[in-house]
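A.B. asks: pasting the structure only:
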């Protein structure tokens, strides 16, 4: 993938993390904040860092932001500035706009004005925590619908040597089965692995399942403990 030009507006913790990661991935990153101290804090972690007011159209145009591939607005506390910045970026003609939302009302407003992608990191983290809290083997969770998601399942050591079928996976490709989308053994990844595949310690399975079914994986692990 070719390197992109990305502008990050707002240098709180989320904005700094986004800036640093994009820059380390090789992208051309312009970091913007009206707070000079925050701008100074990201020097060396981005391509350019400037102090500017994101609600000033002339200032944004002078930075050449209209030529950037993506603009990411990470402002959360000042909703008015967040919305205004998005409106200006749309007016200027930025190709893709991503914005962080404080709550559902903020998110709805951003979508109505044409923001291409709205993210709510706190809500997403809360969802992931809730799904992994009582199932130690589920280390990641991506919600697809309200009751269906994709997870990364770490195979418990006590299940080493068993097959995917014995753990509880099926060949089903509908929403009613616990489907193994991929089996990861170190650097080797097998897509749509057969349920006869045996797992070992340290293996991961990318799982697609109903939330209620996902919880049964941990139950089946406990049931299998005496069978190994």
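C.D. replies: Nice, thanks for sending it over. In this text, all values refer to a predicted model and were calculated from it rather than measured experimentally.
A.B. asks: going forward, measure contacts and count neighbours with C-alpha atoms only.
C.D. replies: Noted.
A.B. asks: strands of this protein, start to end?
C.D. replies: 5-9, 28-33, 48-51, 70-73, 96-100, 117-119, 138-145, 148-154, 179-185, 188-191, 204-210 (DSSP state E).
A.B. asks: return the residues in contact with residue 81.
C.D. replies: Residues near residue 81 by CA atoms under 8 Å, 6 or more residues apart in numbering: 54-55, 75.
A.B. asks: could you export the strands of the chain as TSV, including distance to residue 111?
C.D. replies: Compiled in TSV, these are given as follows (distance: least, CA to CA, whole Å):
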stretch	distance to residue 111
strand 5-9	18
strand 28-33	22
strand 48-51	27
strand 70-73	13
strand 96-100	9
strand 117-119	7
strand 138-145	19
strand 148-154	23
strand 179-185	31
strand 188-191	34
strand 204-210	28
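A.B. asks: where among the ones you listed is average confidence lowest?
C.D. replies: Within the strands of the chain, the stretch with the lowest mean pLDDT is strand 138-145, showing a mean of 70.
A.B. asks: show me where pLDDT drops low in the chain?
C.D. replies: Counting by pLDDT under 70, the chain has low-confidence residues at 1-2, 122-140, 143, 146, 171-176, 215, 218-228.
A.B. asks: can you list the domain ranges for it.
C.D. replies: By the assignment in automatic domain parsing, the chain contains the domains 5-119, 131-227.
A.B. asks: distance between the ends of the first one?
C.D. replies: To tie it back to what came earlier, the one meant is domain 5-119. 20 Å (CA to CA, to the nearest Å).
A.B. asks: thought residue 152 was touching residue 208?
C.D. replies: No. With contact defined as CA atoms under 8 Å, residue 152 does not reach residue 208; the gap is 9.1 Å.
A.B. asks: distance to residue 16 and mean neighbour count added to the strands of the chain, as a markdown table?
C.D. replies: What follows is the strands of the chain, written out as a markdown table (distance: least, CA to CA, whole Å; neighbours: other CA atoms under 10 Å):
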| stretch | distance to residue 16 | mean neighbour count |
| --- | --- | --- |
| strand 5-9 | 9 | 24 |
| strand 28-33 | 8 | 24 |
| strand 48-51 | 11 | 18 |
| strand 70-73 | 12 | 23 |
| strand 96-100 | 13 | 21 |
| strand 117-119 | 16 | 16 |
| strand 138-145 | 23 | 16 |
| strand 148-154 | 27 | 21 |
| strand 179-185 | 31 | 21 |
| strand 188-191 | 32 | 12 |
| strand 204-210 | 30 | 23 |
